[in-house]
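K.L.:
what follows is a protein structure lacking sequence information:
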């Protein structure tokens, strides 16, 4: 076997390693899943307000509003049309500090002000995450649409969330337990302050909520696939 100089081998090895990584990435996405969080930074995410409400801690996204509330949107490379999801399956892991509130929004956008508070998102649905006793809508609720009276998990421990939207049907699983199965009616009517709580025919953005200064939630292993 010929003996090549080290100065030749190092670049060749770097190229080979890069090719292997690219192959691994292609294999990982072959089933359609897209990772939304790299575990190291908030690259691909953008807050609508109070940017200090979100940070990366020990490989997780930490949500803790520094004011009334804030939302962190997945925007990908900045092309919002590409970041819109219509029919999809979203999976992530979450946990909280005791007595905390948060939520996962979908089919939403940056518009806020829902008739109750200016900081609330005016469009889309919210999957409630809540271990706070003062809030009656518990983890897994499709907020103010199909509410869960008792939390199916201890939110201070990691739990799985799966949200599936297909056509007009929304299904929510918490730790593989189905807690919501809702089909939006064709002739939907909402109160004026919830007029935007509906599926958008063009789809919408995914967002994580920083609810208030006393609430701390963590998110990781966030991935999505189009249906």
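P.N.:
Nice, I can see it. Every value quoted in this text rests on a predicted model; they were computed, and no experiment measured them. Numbers count the residues shown, from 1 in each chain.
K.L.:
now the helices for the chain?
P.N.:
Counting by DSSP state H, the segments of the chain that form helices are 6-28.
K.L.:
now the strands for it?
P.N.:
34-35, 45-47, 54-57, 60-63, 70-74, 88-96, 101-108, 125-130, 159-166, 169-174, 177-183, 205-210, 217-226 (DSSP state E).
K.L.:
would you mind checking the average pLDDT for the fourth one?
P.N.:
This points to strand 60-63. Averaging pLDDT along strand 60-63 yields 98.
K.L.:
next: the shortest one.
P.N.:
Across strand 34-35, the average pLDDT comes to 98.
K.L.:
give me the helices and strands touching it, please.
P.N.:
Secondary-structure packing of strand 34-35 (3 or more C-beta pairs under 8 Å, 6 or more residues apart in numbering; DSSP states H and E): strand 217-226. Backbone N, C-alpha and C define where each C-beta goes, glycine included.
K.L.:
so which of the strands of the chain comes closest to residue 194?
P.N.:
If you check each of the strands of the chain against residue 194 by C-beta to C-beta, strand 125-130 wins as the nearest, at 10.3 Å.
K.L.:
on contacts alone, who are the packing partners of that closest one?
P.N.:
Checked by 3+ C-beta pairs under 8 Å, 6+ apart, strand 125-130 has strand 101-108, strand 159-166 packed alongside it.
K.L.:
which residues does it contact?
P.N.:
Identification of contacts with strand 125-130 by C-beta atoms under 8 Å, 6 or more residues apart in numbering yields 94, 96, 100-108, 135, 137-143, 145, 147-148, 151, 155, 161, 163, 170, 172, 180, 197, 199, 209, 217.
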